[in-house]
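>>> Requesting a structural model of the entry that follows:
(one chain, ligands or ions: 1)
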Amino acid sequence: MDTNGPVGPARPAGSAGLAGLAGLAGLDERIAGCRACPRLVAWREEVARGKRAAFADWTYWGRPVPGFGPPEARLLVVGLAPAAHGGNRTGRMFTGDRSGDVLYQALYDVGLASQPTSVTADDGLELYGVRVTSPVHCAPPANKPTPEERDTCRPWLVQELNLLRPTLRAVVVLGAFGWQAALPAFAQAGWTVPRPRPAFAHGAHVSLDGLELFGCFHVSQRNTFTGRLTPAMLREVLRTAARAAGLHGLK
Ligand code: SF4
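This next block holds a predicted model:
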C-alpha cells in the first residue's frame, strides 16, 4: 500500500512535495489536494460551481475536507462524508449544515467544544481533546460513496489513525457506513479487530486492545428529524466515549 495516500491517474502533481510536511497538518494538506476518485472530484467541483441559491455569494471549498481537531485528540468522531453544501462549501468537517448543527451542539453540551455552532472554518471553534473526521473526504452524490470510493479513501484514515495513535483512546462512529469503513482502517492501523467483525448498532461498544469503539446513529437529518437519534442519545454516547478516553471536565 502507498503510505502517502490514495493513488490514481488524477492525483495532483504537487502531492510528492506536500508529502514532506509533518504530522497531521501535513496529512490534512495532502488530503485537501487528493483527486483519486474521478466521480467525486467531478461532483464536488460541479457543486462548488453551481452553488445553492442561499450561498450564491460564497466561494465554495470544492475540495476534499480534512479532519478537524487537535493532533493530541484522545477521542475521534468518525462520520460518513462531507455534505455538498456543508463541508464541501466551508472546508471544515460537519460545518455549515444541519447535521453539523446537531453534532457540535452536543459536543458543546458535554464540554468538548468551545461553542455550540460551527458555521465557517474561521469562526473560532475549538474542540477539546476530540477530532472529527470521515472515511470519505469528498462530498458524494446523494451522500452515497461507492464501495470503491470508500476503499480508495481508506489510506487517508489509516494515516490519520497512525498519527493519532499515541493519544487516541476512544472512537465514536456515526452510522453503519462509517462503521463498515472504519473497522478495516483500524485493522490496517494495527489494532486487532475481532472476526467476524462486530455489527453496527447504536450504543454498540467494542474494545480493540487499548481503543474503545462506540457506535452511534448518524446525525443525518433523516435520523434527527424523525427522533431516531435525539440530542440526549447523542450526548450520552459522546459522554460515555469521552470518559472511556480519559477526558476530563465533562458536563
Ligand atoms: S474521496 Fe478520498 S480518495 Fe477520493 S478523491 Fe476524495 S480525498 Fe481522494
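>>> residues in the stretch 51-200 of the chain within reach of the ligand, list them.
64, 136, 137, 138, 149, 152, 153, 156 (C-beta under 6 Å from any ligand atom). All C-beta spots, glycine's among them, are computed from the backbone N, C-alpha and C.
>>> Throw those residues into JSON lines and include neighbour count, pLDDT and secondary structure, thanks.
Shown next, in JSON lines, are those (neighbours: other C-beta atoms under 10 Å; pLDDT from 0 to 100; DSSP: H, G, I helix; E, B strand; the rest coil):
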{"residue": "64", "neighbour count": "30", "pLDDT": "98", "secondary structure": "coil"}
{"residue": "136", "neighbour count": "29", "pLDDT": "98", "secondary structure": "coil"}
{"residue": "137", "neighbour count": "28", "pLDDT": "98", "secondary structure": "coil"}
{"residue": "138", "neighbour count": "28", "pLDDT": "98", "secondary structure": "coil"}
{"residue": "149", "neighbour count": "21", "pLDDT": "98", "secondary structure": "helix"}
{"residue": "152", "neighbour count": "20", "pLDDT": "98", "secondary structure": "helix"}
{"residue": "153", "neighbour count": "26", "pLDDT": "98", "secondary structure": "helix"}
{"residue": "156", "neighbour count": "26", "pLDDT": "98", "secondary structure": "helix"}
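>>> nearest to residue 200, of these?
Of all those, residue 136 has the smallest distance to residue 200: 16.4 Å, by C-beta to C-beta.
>>> right, and residue 153 touches residue 140 too?
No: the pair residue 153 / residue 140 is not scored as a contact, 10.2 Å apart, by C-beta atoms under 8 Å.
>>> And for the nearest residue to residue 105 once chain neighbours are set aside, the neighbour number?
Nearest-residue entry for residue 105: residue 116, 4.7 Å, with adjacent residues in sequence omitted and distances by C-beta to C-beta, 6 or more residues apart in numbering. Using other C-beta atoms under 10 Å, residue 116 has 13 other residues around it.
>>> Please apply the same query to residue 125.
Burial of residue 125 is recorded as 21 neighbouring residues (other C-beta under 10 Å).
>>> Just say helix, strand or coil for it.
With DSSP: H, G, I helix; E, B strand; the rest coil as the basis, residue 125 sits in coil.
>>> Surely it and residue 115 touch.
Yes: using C-beta under 8 Å, residue 125 is in contact with residue 115, at 5.4 Å.
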